[in-house]
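J.: need a structure here:
(one chain, ligands or ions: 1)
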Amino acid sequence: MSSSQILAISFFLLVLLAFWWWLFPQKNTGETGIFQPAWRFILSEYVGFYNRLQAAEKARFEENILHFLDEVRISGVGTEVDDIDRLLVAASAVIPLFGFPGWHYRKVSEVILYEGSFNTEYETHQGEERNILGMVGGASMTSTMILSKPALHQGFKKNSSHNVGIHEFVHMLDRADGATDGIPEALLQQPFLIPWVKLMHQEIRSIQDGASDINPYGSTNEAEFLSVVSEYFFQQPQLLEKHHPELFAMLEKVFKQDL
Ligand SMILES: [Zn+2]
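T.: As a prediction, this is how the structure comes out:
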């Protein structure tokens, strides 16, 4: 075996290991919670994605919400957390993984809601550049996600193509192959990876040229591009399909969902 073959196999095993560490298929055992009938009303009131599902798929969505709430602690800093907040966090997590039945976020154990936007020092009231709406934990808190509660709610407003919750959970999925690089190797089949990278760079260039309706934040880097266009894909699928048919078709492959 040549050294390049050994290198390729080692790389493949490393990706596989990283993938296993971040996401894993799990049979549902020992379910503890109960899906409250009132939650169904909240989902239909707030979550457009849920409303577009057929009845059987709605039931599967509710099951996934329940699993997520059983596994992940949701707490507030400087703000109360109610059922609506918890369901919006869970919906943000369930939506991007809905095409992968049985898959869970292994590396997310806590989501903390802040009363507003914050900065890199986690300050919400004073300090500079308090413009962060969401982030996934850095070195010391890899299993924690922080979201601004008002931004979380704003994302589920009708006609919004932004959704900070979906944005951050897509970063988690991107990271599942070991690198947060906008190339979702854990989700997308290998033959589509190079076409995806080409399309991504083409779309980033058109944002930079001012010739795109995609949020300019998406041109920051490839990872932000993937998260930003995923928000658009799940929030305004018809609009994305109309304005960016190729990108829309590729995202349907990434997330294994027909929207
Ligand atoms: Zn981001």
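
J.: Which pLDDT value belongs to residue 195?
T.: pLDDT recorded at residue 195 is 97.

J.: so who does it touch?
T.: Listed by C-beta atoms under 8 Å, 6 or more residues apart in numbering, the contact set of residue 195 reads residue 250. Bear in mind the C-beta positions are built from the backbone N, C-alpha and C, glycine included.

J.: Can you give me the distance of it to residue 57?
T.: The gap separating residue 195 from residue 57 is 28 Å, by C-beta to C-beta, to the nearest Å.

J.: and if you look at residue 129?
T.: 41 Å.

J.: which regions of the chain sit below the pLDDT cut-off?
T.: 1-4, 6-32, 126-128, 138-142 (pLDDT under 70).

J.: near the ion, which residues of it?
T.: Proximity of the chain to the ion, by C-beta under 5 Å from the ion, involves residues 224, 227.

J.: Let's see that with 8 Å instead.
T.: 134, 135, 167, 168, 171, 217, 220, 223, 224, 227, 228 (C-beta under 8 Å from the ion).

J.: could you pull out the strands for the stretch 1-150 of the chain?
T.: According to DSSP state E, counting those that start in this stretch, the stretch 1-150 of the chain carries its strands in the segments 23-25, 73-77, 103-105, 110-114, 134-136, 144-148.

J.: Who are the packing partners of the fifth one?
T.: In this case it means strand 134-136. Strand 134-136 makes packing contacts with strand 144-148, helix 164-174 when contacts are defined by 3 or more C-beta pairs under 8 Å, 6 or more residues apart in numbering; DSSP states H and E.

J.: same question, the second one
T.: Helices and strands touching strand 73-77, by 3+ C-beta pairs under 8 Å, 6+ apart, are helix 83-97, strand 110-114.

J.: ok, back up a step: could you dump the strands of the stretch 1-150 of the chain into a markdown table with mean neighbour count added?
T.: As requested, the strands of the stretch 1-150 of the chain are exported to a markdown table (neighbours: other C-beta atoms under 10 Å):
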| stretch | mean neighbour count |
| --- | --- |
| strand 23-25 | 15 |
| strand 73-77 | 14 |
| strand 103-105 | 20 |
| strand 110-114 | 22 |
| strand 134-136 | 22 |
| strand 144-148 | 23 |
